[in-house]
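[1] the sequence and its predicted three-dimensional model are supplied below.
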Amino acid sequence: MTSIILLAGFGIINLFVGFLKSNRILLPLALLFLAVVFGVNMLSWNDTQSYFNNMLTIDNYAVAFTGIMVLSTLLILPFSQRYVEANDQNLAEYYAMLLFSLVGAVMMVSFENVIMLFVGIEILSISMYVLAGSDKKSIRSNEAALKYFLMGSFFTGILLFGIVLVYGATGTFNISEISAAQTDADGLQNTMFTMGLLIMIIGISFKISAAPFHFWTPDVYEGTPTLFTSFMSTVVKIAGVAAFYKLMVAGFAASYAVWFPTLIAITVLTLVVGNIGAVVQHNVKRMLAYSSISHAGYLLMSLIAFNERSDASIFFYSLAYATATIAAFGVLQLVTVQRGEESFQGFNGLGKTNPLLAFAMTISMLSLAGIPLTAGFFAKFFVFASILENADLMWLVVLAVILASVGIYYYFKVVIAMYLQPAGDYGRVKVTGFVSFVLIFITVLTILFGIAPALMSDIL
Amino acid sequence: MLILDYKLTSNTFSPLQMNQIPEVIRTIPLDYYLYFSTALFVIGIVGVLTRRNAIIIFMCVELMLNAVNLLLAAFSAYRSDPSGQVFVFFIMAVAAAEVCVGLAIIVMIYRNIRSTDVQLLNYLKW
């Protein structure tokens, strides 16, 4: 709760600091704010409290996911240094928007009432609509903003319709009361309730870009400025999956039989579309967009496992996915801005010209592909272990492993371009010491969680 | 606040108190609200899927949200539960915020391509 208040307050302070002539103070200030929020958030560990008439509950689950999301933002912000150097007029707004959208993300992981889930999703999305179009002169950024906005508000409407049908059937917005209402004799037979539940699943699947509601993802990710794409593919997705899991566990556990087949179908489609779609891409940013779809599929796998290991495996997967993705998008941003090329050729010879960038990118690709000794391997391992407790789902694990090996192909296209292709005309990519330090830090985190996953895998 | 009641029993309009509105809502069966709202919602969906002008698509999204609002008000009145009506205010506030951002995005696009036709925007594809 304090983290929500602090984030909102700090966002407003950041807006006012934007009136100063110099941009230099903004980045350190935003980083400081986020560090404070991260620390304050950790104080609520093991101290479950409800707020606003039981509309928000800050428990360990909420604290853990808030921690990941604040940490991700903290690691994303240093890559905005090029805006500072270009003396971008709107930098204060960008930081404020990121802080405000974090408010929504925190509400999404700590909601106890569907109203709060809806408001959280909207606070998060509306900020992201603005940031998607933040490059006002670029027609691609414009197109991304329009597509994201129209599709996002359309699926918000669908989510709302689902919420209302569930409200009509149960008479409450509180998820534990919704859960209690289903144990009544005719709870499952109620058509309105079932329709509402399935429509809500469609609405949330859109937000985490699960197939068949993924079609916006590649376009929006490609058009959006890379800094905000990395925020979208980490914070927005993690908040969506965490909210989805919480909704299902706390609200709809009794209707497992209704949503289980639906989610199986969504998960299989997401895994197939994400991995196969990424293979045929020429643009690295689009490849990473499809890869984020496929990772939504792995995250959904631990959701449908639906046992006591699920929350821990979602948590660890989110952590591994966030660190690897931030490093990948960070390097991508540096390379594409300075070399002006978003395709795989843009990475040619990076191993020669910038060994550090190439190494960080390689580790993050290995982690995303799930190669041992990186965090991604244990993330996938925990997901598969949790789903294998249900022996009937063996086929899903086999499918996921096959598709994960397809993933190795497209992730290694980047690595091959960096180390085996000549640099040609491309010179050295300029990197500041601060950004190098952050990249090293992320890489160390990825390897650390790959060697000692027990540091984080048991805390939930 | 007073609103006018069209009861046929008297020749003149009799004033109706705010707290009697749920009873007026309940004079129509709940099913009808459900069918009507669903019809409005589907009209909105069809509009979003078939129209090409960004502003009209946006109007159709608003139609979907208003169908939801209507249904919420009806459920709320039938269940004598105020939380549904409170949610209507949340939806209206959020929809207003969305209008601000959405119209700004559409104006930004109009400045760049002098049109609001969504099919002209096809730069992002593989």
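    Done, it's in.
[2] the closest residue to chain A within chain B: neighbour count?
    For chain B, the residue closest to chain A is B:Met64, as judged by C-beta to the nearest C-beta, at 3.6 Å. C-beta coordinates here come from the backbone N, C-alpha and C atoms, glycine included. Neighbour count of B:Met64, defined by other C-beta atoms under 10 Å in any protein chain shown: 25.
[3] ok, and the closest non-adjacent residue to the residue minimising distance to the centre of chain B?
    In chain B, the centroid-proximal residue (C-alpha atoms, centre = their mean) is B:Asn66; its distance is 1.1 Å. Leaving aside its sequence neighbours, B:Asn66 sits nearest to B:Leu40 (C-beta to C-beta, 6 or more residues apart in numbering or on different chains; 7.1 Å).
[4] which ones are touching the one you found?
    B:Leu63, B:Met64, B:Asn66, B:Ala67, B:Leu70 (C-beta atoms under 8 Å, 6 or more residues apart in numbering or on different chains).
[5] go through those and say which is closest to A:Phe449.
    Nearest to A:Phe449 among those, counting by C-beta to C-beta, is B:Met64 at 42.6 Å.
[6] can you name the element that comes right after the strand or helix carrying that closest one?
    If you go by DSSP states H and E, B:Met64 is part of helix B:54-79. The first helix or strand that comes after helix B:54-79 along the chain, using DSSP H and E, is helix B:83-113.
[7] and that following helix, what's buried?
    Burial within helix B:83-113, assessed by neighbour count using 16 or more other C-beta atoms under 10 Å in any protein chain shown, is assigned to B:83-84, B:87-88, B:90-91, B:94-95, B:98, B:101-102, B:105-106, B:108-109.
[8] just list what it packs against, helices and strands only.
    helix A:114-132, helix A:139-170, helix B:54-79 (3 or more C-beta pairs under 8 Å, 6 or more residues apart in numbering or on different chains; DSSP states H and E).
[9] so which of those gets nearest A:Phe434?
    helix A:114-132 (22.1 Å).
[10] would you tell me whether the closest one gets close to chain B?
    Yes - under the criterion of C-beta under 8 Å from any C-beta of the partner chain, helix A:114-132 makes contact with chain B via A:Ile115, A:Phe118, A:Val119, A:Glu122, A:Ile126, A:Tyr129, A:Val130.
[11] roughly how far out does that helix sit from the chain middle?
    On the basis of C-alpha atoms, centre = their mean, to the nearest Å, helix A:114-132 sits 14 Å off its chain's mean C-alpha point.
[12] pLDDT at the residue nearest to B:Asn66, what is it?
    With respect to pLDDT, B:Leu40 has a value of 95.
[13] element containing it, please.
    helix B:30-50.
[14] tell me the buried residues in that helix?
    B:Leu30, B:Tyr33, B:Leu34, B:Ser37, B:Leu40, B:Phe41, B:Gly44, B:Ile45, B:Gly47, B:Val48.
[15] number of nearby residues for the residue of the stretch 201-350 of chain A found nearest chain B?
    Closest approach of the stretch 201-350 of chain A to chain B (C-beta to the nearest C-beta) occurs at A:Asp219, with a separation of 4.1 Å. A count of nearby residues for A:Asp219, using other C-beta under 10 Å, gives 23.
[16] which helix or which strand is home to it?
    helix A:216-223.
[17] would you mind getting the angle between that helix and helix A:114-132?
    Relative orientation of helix A:216-223 versus helix A:114-132 (axes from the mean of the first three to the mean of the last three C-alpha atoms, to 10 degrees): 40 degrees.
[18] elements contacting helix A:216-223?
    Contacts defined by 3+ C-beta pairs under 8 Å, 6+ apart place helix A:216-223 against helix A:139-170, helix A:284-305.
[19] beyond the longest one, next helix or strand please.
    The one in question is helix A:139-170. Downstream of helix A:139-170, the first helix or strand assigned by DSSP H and E is helix A:175-182.
[20] show me what counts as buried in that next one.
    Quick answer for helix A:175-182 (16+ other C-beta under 10 Å): A:Ile175, A:Ile178, A:Ser179, A:Ala181, A:Gln182.
[21] residues making contact with that helix?
    By C-beta under 8 Å, 6+ apart, helix A:175-182 touches A:111-114, A:166, A:169-172, A:187-188, A:193, A:246-247, A:250-255.
[22] now those: which count as buried?
    Buried, going by 16+ other C-beta under 10 Å: A:111-114, A:166, A:169-172, A:187, A:193, A:246-247, A:250-252, A:254-255, out of the contacts of helix A:175-182.
[23] which residue is it, in chain A, that comes closest to chain B?
    Counting by C-beta to the nearest C-beta, chain A gets nearest chain B through A:Gly157, at 3.6 Å.
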